[in-house]
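> Got a sequence here, can you build the structure:
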Amino acid sequence: MSNISTFSNEDFQPVNRAFLNGDAVTVSFFVHHGRLIMAEECYFFLMASMRKLRMNIPLSYTLDFFQDLFQKHVLDQGIQHAVIQFMVYRNITSLPLHKTGVAYYFRVEKKESVLALQNEVELDLIKEININCNLLSNIKVHCAENTYAEIYARENGLDDVILLNPDKRIARAGTGNLIFLQGDSIKIPKHSEGAYISPLLENLVTFIHKNQLGDIQETELIAFESQKADEILLVSDEKGIFPVSKIRNKTFGFERFSEIIEGWKATL
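Numbering: from 1, shown residues only. As a prediction, this is how the structure comes out:
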């Protein structure tokens, strides 16, 4: 049986603006021990993403709508752990774009645990391309840079790459955000640097802050910061949480982040 299931509007049209124009936003929702967790944070991120793309948000798109939708198609099917990748896209009509209706498509990928540390990954910096720092850089939209980064990583025996912004500072990885532990400091690139908005990362950072497990710093990070860190996590809303084991010739452990993740999991 496949670990991935897909669902869409009943009137799904394969020729749509997501397919033809990349005119879509994607937000992940999370199932943990048979429950929808962080639902409110993920919902508000979806609404904010749609507003940034000037989408016509249906009145029916309430938090209750999404909870009922996922209850029927995911939770009632006995799925215990999963990532729901929810895409909203504009239909093709004769109306002006800002008045055009939207439709949705989502896929459910079962996981052993969406909050558990996955396998260790190896990264490297890439300088051929960079990530912009504008209003749309922080939301999950079509991004050719991510496709290029994925191919570059595979061709060079890497799991992912670190993408820089036009000022040559760290923005994020190809698949998600980076979080750096150095001493008692936990450093995260600012959204204004090109990092994604991530409900998963924000929930983890809130846990760290509330429990005084580190000094959280949203900051600007030059590329060399990746070599100074003691531990690094790659946090991807779509794929999960990965300890970074190596960047170039520098290797990293993940003992402290592992303890933090275990404590965080127990609260959700």
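> Can you list the buried residues in stretch 160-167?
Buried positions in stretch 160-167, judged by neighbour count with 16 or more other Cβ atoms under 10 Å: Asp160, Val161, Ile162, Leu163, Leu164, Asn165. Yep, even glycine has a C-beta here, placed from its N, CA and C like the rest.
> between those residues, which is nearest Val121?
The closest of the buried residues of stretch 160-167 to Val121 turns out to be Asp160 (Cβ to Cβ; 6.1 Å).
> looking at this, that closest one is in a helix?
No. Read with DSSP: H, G, I helix; E, B strand; the rest coil, Asp160 is coil and lies in no helix.
> so how far is the first residue of stretch 54-66 from its last?
Stretch 54-66 has its terminal residues 20 Å apart, counting by Cα to Cα, to the nearest Å.
> could you pull out the helices for the protein?
17-21, 39-52, 63-73, 144-155, 199-210, 225-228, 255-265 (DSSP state H).
> buried stuff in the last one?
Within helix 255-265, the residues scored as buried using 16+ other Cβ under 10 Å are Phe257, Ile260, Ile261, Trp264, Lys265.
> min pLDDT across these, which one?
Checked by pLDDT, the buried residues of helix 255-265 have Lys265 as the lowest-scoring entry (93).
> How about the contacts made by that one?
Listed by Cβ atoms under 8 Å, 6 or more residues apart in numbering, the contact set of Lys265 reads Ser113, Leu115, Ala116.
> do that again at 10 Å, thanks
His32, His33, Ser113, Val114, Leu115, Ala116, Leu117, Phe207 (Cβ atoms under 10 Å, 6 or more residues apart in numbering).
> who touches the second one in this structure?
Put plainly, it is His33. His33 is in contact with Gln80, His81, Ser113, Val114, Leu115, Lys265, Leu268, counting by Cβ under 10 Å, 6+ apart.
> What's the local residue count around the fifth one?
Okay, so that is Leu115. For Leu115, the count of nearby residues is 22 (other Cβ atoms under 10 Å).
> any idea how far the closest residue to it other than its chain neighbours lies from Ser113?
Excluding the flanking residues, the one nearest Leu115 by Cβ to Cβ, 6 or more residues apart in numbering is Lys265, at 4.6 Å. According to Cβ to Cβ, to the nearest Å, Lys265 and Ser113 sit 7 Å apart.
> Need the residues touching each of those two.
His32, His33.
> May I see the helices of the chain organised as JSON lines, with distance to Leu136 added?
Shown next, in JSON lines, are the helices of the chain (distance: least, Cβ to Cβ, whole Å):
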{"stretch": "helix 17-21", "distance to Leu136": "14"}
{"stretch": "helix 39-52", "distance to Leu136": "6"}
{"stretch": "helix 63-73", "distance to Leu136": "23"}
{"stretch": "helix 144-155", "distance to Leu136": "12"}
{"stretch": "helix 199-210", "distance to Leu136": "18"}
{"stretch": "helix 225-228", "distance to Leu136": "25"}
{"stretch": "helix 255-265", "distance to Leu136": "30"}
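> of all these, which lies closest to Ser94?
helix 17-21 (13.1 Å).
> Against which helices or strands is that closest one packed?
strand 24-32, strand 82-90, strand 102-110 (3 or more Cβ pairs under 10 Å, 6 or more residues apart in numbering; DSSP states H and E).
> Go again with 8 Å.
Secondary-structure packing of helix 17-21 (3 or more Cβ pairs under 8 Å, 6 or more residues apart in numbering; DSSP states H and E): strand 82-90.
> Contacts for the strand it packs on next, please.
16-18, 23-31, 46, 50, 55-56, 66, 70, 74, 97, 100-111, 114, 237-240.
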